[in-house]
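sequence and computational prediction follow.
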Amino acid sequence: MIKKVEITPENDKFLNKVNELSGQVVTLCEQCGTCSGGCPLVAEMDITPSQWMRLVQLGLKEVLDYKAVWVCASCFTCTVRCPRKIDVSKVAEALRQIILRKAIDYIDLKAIPKEELACLPQIALVSACRKFTG
Amino acid sequence: MKIGVYVCHCGGNISEVVDIKKLTASAEQQSEVAVVRDNAHMCSDVGRNLVLEDIKKHKLDRIVVAACSPQFHGKTFMDIVEKAGLSPYVFEMANIREQCSWPHFNEPDLATKKAKDLVSVALAKARLDESLSRKTMPIGKRVLVVGAGIAGIQAALDLGDAGFEVYLVEKEATIGGKMAQLSRTFPTEDCAACILSPKMADVPANPNITLFTNSEIEKVSGFLGNFEVIINKKPTYVNDQCVACGVCEEKCPVKIPNEFEQGLTNRRAIYVPFEFAVPYRYLIDESNCIYLKKGKCGNCKKVCPHDAVDFDQKAEKVELKVDTIIVATGYDIFDAKEKKVYGFGTNKNVITSLAMERMIVHEAEGRATREIGKRVAFIQCVGSRDEQIGNEYCSRICCMYATKLSQLLKRADPKKDVYVFYTDLRAFGKGFEEYYKRAQKTGVKFIRGRVAEVNEDSKTGRVTIKAEDTLARQIIESEFDLVVLSVGMTPGAGTRQAAEVLRMTKSPGGFLQEAHPKFKPVDTLNDGVFICGCAQGPKDIPDTVAQASAAASRAIRLMNKGVYAVEPITAVVDEDLCSGCGTCVSVCPYEAVKTEIKDDKRVAKVNEMLCQGCGSCSAACPSGASQQHWFMNKQLKAMVGAALGEEEK
């Protein structure tokens, strides 16, 4: 099914938020695809890096529904290759931040028994709380 | 003093924002203003005649026009003032369009106030204008053309045909430039050699053209109508007895990659650059000749039946005097080794588009230099539109030459798989879109996506391309026999050298800067120096030829009358104030100021022919001795005073 989307000046709010958080001007992206072509993890992603750049340009919040930015390892290959010198990794980080700031917890820490909590790796636990999805 | 003030409506561009009535009323209040008028189009014939008649009828001696930018119509009104018998420099312009009505369209009251202020400022300056007059200087008909690619050849032929004395200087051993290396030319597919070689042959046949090949411009001094040029003519070690019989070449033991063939074939140390070179004569490459390096061998000299080899030839300096200069120094292709991810230089199956041009020429002539293979991929924008390697500009030709090369390959062998990976496909010229369509019809596959990397299989040598098809949103990872890098243009070594020798301004990409992008596209900020072809910026052959003819005609415009007018806006030194410190000499970009001893005192002296009126010396002068006509310190002070609303004194 092909989804219809609206493009209105309202969408700019989301674009401006990503620009502000990332410090990048996402509209400078010329959609050449260099970031996606060189991304070592693109095979694991549901959308390509250039696609999330495009969705942000159009101000479409549905970009937050994809898991690609969580697959991104921040290896900076895209950043060092972008012919427009856009820091694509920072844009991914901005998208992750927008999701994290919603402060939605996917695990109720109180429900985990103390004995189990003691042996769970802390970093994995914190990640599991908020990072996994959007 | 009687000043006339003329306010233009610009057909509503000004009058829809600025209150013309208030503006004219305010101008009428100003001292020494005798006439104030307004008109829908001051620049029209009616408007111009209004000024002309008023000057005569009211005996006006200063004119202020409040209209658009002086860049736009300054000259129009100066000509009218001059026609009325006044000095064109008793005229001032207040820009109430670009500086009032356009930027402040939503604040009409403030725009009107600003317009009033700008008119006051122009009046303050006009009151102190001197009656400067344009001087005329004699000028000859000698032109130096630097660079003999298609641009230089076209300019030289146009000038030679028009009866001007042309000196054409080329750093390579032959004329022809980059175009000589091409297979065919888009979009008509004329064979490049077939259309270029007759033009090349016309150069030595033209009695008005003196050709210097293997020569470089070492120094240029002087000014429009009086340039002094020193040419360094490098030795070729073969004199003009050579009939190009080729006996020497057979006996030369040296084999090195042929640069004209992009290294696809070898040449000897004694060689002719290519089969339709002009002049068609052998030369010795001194960096590879065994005799010139070690004093041994000399085979060529021994076998030459015409005694044409001369190892004692030395570099020669030729001094010339010319009136105008045309710079047509062209471009170099981008050095693809800089783009490391594509593996050029380390992988033999990754080549440049220029090498592909040569391969197609050889293949068409039935003497293929190497296997092209079944699967060929073109990578676009190599060295163009890439801020990572520092080139922001589009090279403008790569889309179309890839469209050409790809379909030539496909048409020669329809079984080939030919792909073009592009960022944006720009087919903007006449017949280009149709030519692109023809390539698509031929079966060339165009893929929208910039290639991220090229990897080599160390065993098979086959290359894999990785890219995103940004239209299908799929990642393509595919093997090819040959990868062609569509390399862009860079301002070549010749252009960089010309810029230095001629002290020319460069644009951000490093190409030479034109005087005005729209109205003076082949003029430069140096009077009498013109630019054309790829030295000015990337462009294709039709645009290059058009620009070369334009540069020739702009040069003819200056020289044809035998005299030319000199702007009187030059620096002027108050010798009483001048301490002879020489600060002005060091800041002058045109070498127009020198110090000299006058009445036992060292003072600065301005050469009014060389001075371009840039104002650098006036700004740098520590004692205020150096000033500039039409922008004298007292005028600038009066203008600032008027802008700040000070009472007139």
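Everything's here; your move.

contacts, neighbours, all on C-alpha from now
Will do.

pLDDT score for residue A:113?
Here the pLDDT value assigned to residue A:113 is 89.

how close does it get to residue A:120?
For residue A:113, the distance to residue A:120 (CA to CA, to the nearest Å) stands at 11 Å.

and for residue A:21?
32 Å.

what does chain A have sitting close to chain B?
A:31-38, A:48, A:50-51, A:80-85 (CA under 8 Å from any CA of the partner chain).

pull out the buried residues from those.
Neighbour-count burial (16 or more other CA atoms under 10 Å in any protein chain shown) applied to these gives A:31-38, A:48, A:50-51, A:81-85.

can you list contacts of whichever strand or helix holds residue B:499?
Using DSSP states H and E, residue B:499 sits in helix B:493-501. By CA atoms under 8 Å, 6 or more residues apart in numbering or on different chains, the residues outside helix B:493-501 that reach it are B:171, B:217-220, B:327, B:329-332, B:504-506, B:510-512, B:535.

can you point out the buried residues in it?
Going by neighbour count (16+ other CA under 10 Å), the buried part of helix B:493-501 is B:494, B:495, B:496, B:498, B:499.

of those residues, which pair is most distant in space?
B:494 and B:499 (8.6 Å; CA to CA).

give me the neighbour count for residue 92.
The chain I'm using is chain A. 22 (other CA atoms under 10 Å in any protein chain shown).

ah, I was thinking of chain B
Per other CA under 10 Å, the neighbour tally for residue B:92 reads 26.

list phi and psi for it.
phi -130, psi 150 (degrees, to the nearest 10).

quick check: bridge partners of the nearest residue to it once chain neighbours are set aside?
Spatial nearest neighbour of residue B:92, chain neighbours left out: residue B:64 (4.8 Å); criterion: CA to CA, 6 or more residues apart in numbering or on different chains. When bridges are called by DSSP bridges, residue B:64 pairs up with residue B:5, residue B:92.

ok, residue B:64 touching residue B:94?
Yes - counting by CA atoms under 8 Å, residue B:64 touches residue B:94, with 7.2 Å between them.

give me the element the residue of chain A most remote from its centre is part of.
Using CA atoms, centre = their mean, the residue of chain A lying farthest from its centre is residue A:115. It sits 34.0 Å away. Here residue A:115, judged by DSSP H and E, is contained in helix A:114-119.

just give the nearest non-adjacent residue to residue A:71, would you?
Using CA to CA, 6+ apart, the closest residue to residue A:71 is residue A:45 (6.4 Å).

would you quantify the distance from the one you found to chain B?
Counting by CA to the nearest CA, to the nearest Å, the gap from residue A:45 to chain B is 11 Å.

got a list of what residue A:108 touches?
residue A:129.

could you check the pLDDT of the residue nearest to the spatial centre of chain B?
Chain B has residue B:536 as the residue nearest its centroid, 2.6 Å off, counting by CA atoms, centre = their mean. Confidence at residue B:536, expressed as pLDDT, is 97.

for residue 13, give me its contacts.
Picked chain A for this. Here residue A:13 is in contact with residue A:59 (CA under 8 Å, 6+ apart).

try again with chain B
By CA under 8 Å, 6+ apart, residue B:13 lies in contact with B:97, B:101, B:102.

give me the buried entries from those residues.
B:97, B:101.

closest one of the contacts of residue B:13 to residue B:394?
Using CA to CA, these come closest to residue B:394 at residue B:102, 31.3 Å.

before we move on, back to that, average pLDDT across the next helix or strand after the helix holding residue A:115?
Helices and strands here follow DSSP H and E; after helix A:114-119, the next one along the chain is helix A:122-130. Summarised as a single mean, pLDDT over helix A:122-130 is 77.

the top helix by length along chain A: how far from the chain's middle?
If you go by DSSP state H, chain A has its longest helix at helix A:88-100. Chain-centre distance of helix A:88-100: 5 Å, with CA atoms, centre = their mean, to the nearest Å.

and what of stretch A:89-108?
Taking CA atoms, centre = their mean, the mean C-alpha location of stretch A:89-108 is offset from the chain mean by 8 Å.

so how far is chain A from the closest residue to residue B:312 other than its chain neighbours?
Nearest-residue entry for residue B:312: residue B:237, 7.1 Å, with adjacent residues in sequence omitted and distances by CA to CA, 6+ apart. Relative to chain A, residue B:237 is positioned 47 Å away (CA to the nearest CA).

equivalent analysis for residue B:10, please.
Residue B:10 is 35 Å from chain A, where distance means CA to the nearest CA.

roughly how far apart are that residue and residue B:103?
According to CA to CA, residue B:10 stands 15 Å off from residue B:103.

okay, those two: which has more neighbours?
Neighbour comparison, residue B:10 and residue B:103: the larger count goes to residue B:10, with 19 against 11 (by other CA under 10 Å).

verify the stated contact: that one with residue B:44.
No - counting by CA under 8 Å, residue B:10 does not reach residue B:44; the two are 10.0 Å apart.

low-confidence ranges in chain B?
Scanning chain B for pLDDT under 70 picks out the ranges B:647-649.

let's see it at 80
For chain B, the stretches with pLDDT under 80 are B:646-649.

which residue ranges make up the domains of it?
B:3-134, B:142-234+B:315-330+B:497-559, B:247-303, B:332-490, B:570-628 (automatic domain parsing).

residue A:98 is nearest to which of those?
Minimum separation from residue A:98 across the domains of chain B (CA to CA) falls at domain B:332-490, 24.8 Å.

between the two ends of that closest one, how far is it?
Span of domain B:332-490 from end to end, CA to CA: 5 Å.
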